[in-house]
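[1] sequence below, structure please.
(one chain, ligands or ions: 1)
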Amino acid sequence: MTPGIRPLIAGNWKMNGTAASLGELKAMSEGSFGQVEALVCLPATLISRAVDAIGDAALRIGGEDCHNAVSGAHTGDISAEMLADAGATHVIVGHSERRTDHGESDAGVAAKAEAAWRAGLVAIICIGETKAERQAGETLAVLSRQIAGSVPKEALAANTVIAYEPVWAIGTGLTPTIDDVAEAHAHIRRELGLLLGGEAGKMRILYGGSVKPSNATELLNVEHVDGALVGGASLKAVDFLGIIAACPV
Ligand SMILES: O=C(CO)COP(=O)(O)O
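    Below is the predicted model of the structure:
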C-alpha cells in the first residue's frame, strides 16, 4: 500500500453473469468495505440493472471496455458516454484479453482512456507482460513501453488507475513472487513519475492476477500495491468481500 492512497478493490466479471447474478451483486453491496473503495466492472448488459439492484449502496459499478468515439457506426461497440448513462463510474481499458482477442494497441488504449475521461469516468488502464516476455527478462521494458503508449500524459490520479496484471497470472492460480510484484510496482511508479510528474505519487496502482482472499493480504501489503483487480474471485460475494476484508487498512 502507499500511505495516503485509499485502496481500490475492483472486480472484473468478464463475460460472466446474467440477471440471475444480480442477487450476488446485491449481497456484495451489503458487505462492509471499511476504508476500501469497492467496484465491480460488469458486462454492459448488467450495468443499469445492477445500479438499480444495489440502490444507494457504496459499491461502484463499472464497464469492461469502451469505444473511443461518442457514438456512430460501430456495430457491437459501446461508448464511454453510454456506460456513464447506464450508471457506470469506471471503465477498464486495455485488459490483456482485449489486447489479445481484439488486437488492441497501446495507442488505441490511450484513446479509450481519454474517451473515459470525456464521459466523466475513471479509466482503469491495464498493463502486464506475457509469460514469454517474463522468461526473456523483458518484464520491466514491456511495462515501460505499455505505460509510455497507453497512459496519456494528461492522466490525473482522480481519473486514472493503473492495473498491473501479468498475463500468465490471470486465471491460472499462479502469482509472481512478492519480490517480483514489488519490483514491478516500484518500476511502474517510477515510470509514471517520468510521464506525469507529481500526479504519479497519488495514482493507484492495482495488482491483478489470481487474487483471492487467502493471498490478498500478502499482495496488498507490498509497497505501491494500492488495491487489486480481481477476476474469478469477484463473481461470489463471499470471496470478493473476503478480499476487501483482507485489505490491510
Ligand atoms: O484478469 C483479471 C482481472 O482483470 C484477473 O483474473 P483472475 O483474478 O481470475 O486471475
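[2] and the longest helix seen in the chain, how far from the chain's centre?
    Across the chain, the longest stretch assigned as helix under DSSP state H is helix 178-196. Helix 178-196 sits 16 Å away from the centroid of its parent chain (CA atoms, centre = their mean, to the nearest Å).
[3] for it, which outside residues touch it?
    Contacts with helix 178-196, where a contact means CB atoms under 8 Å, 6 or more residues apart in numbering, come from 127, 139-140, 143-144, 147-148, 151, 153, 155, 162, 164, 166, 175-176, 199-201, 203, 205, 207, 218-219, 222-225. C-beta here means a position set from N, CA and C on the backbone, and glycine is covered the same way.
[4] so of those, which ones are in strands?
    Those of those mapping onto strands are 127, 162, 164, 205, 207, per DSSP state E.
[5] need those residues in JSON lines (columns: distance to residue 102, pLDDT and neighbour count).
    Listed next are those as JSON lines, based on distance: CB to CB, whole Å; pLDDT from 0 to 100; neighbours: other CB atoms under 10 Å:
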{"residue": "127", "distance to residue 102": "16", "pLDDT": "98", "neighbour count": "28"}
{"residue": "162", "distance to residue 102": "20", "pLDDT": "99", "neighbour count": "27"}
{"residue": "164", "distance to residue 102": "21", "pLDDT": "98", "neighbour count": "25"}
{"residue": "205", "distance to residue 102": "24", "pLDDT": "98", "neighbour count": "23"}
{"residue": "207", "distance to residue 102": "24", "pLDDT": "98", "neighbour count": "28"}
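[6] and which of those residues is nearest to residue 108?
    For the ones in strands among the contacts of helix 178-196, the closest approach to residue 108 (CB to CB) belongs to residue 127, at 13.7 Å.
[7] the protein: helices as residue ranges?
    Using DSSP H, helices in the chain cover 22-29, 44-54, 80-86, 96-101, 106-118, 131-135, 139-150, 178-196, 213-220, 237-245.
[8] which among those is found nearest to residue 170?
    helix 96-101 (6.6 Å).
[9] who's in contact with the closest one?
    14, 65, 104-105, 109, 126, 128, 165, 167, 170.
[10] find the nearest non-adjacent residue to the residue in the chain that the ligand sits nearest to, please.
    For the chain, the residue closest to the ligand is residue 231, as judged by CB to the nearest ligand atom, at 2.3 Å. In space, residue 231 comes closest to residue 12 once its chain neighbours are excluded; the distance is 5.2 Å by CB to CB, 6 or more residues apart in numbering.
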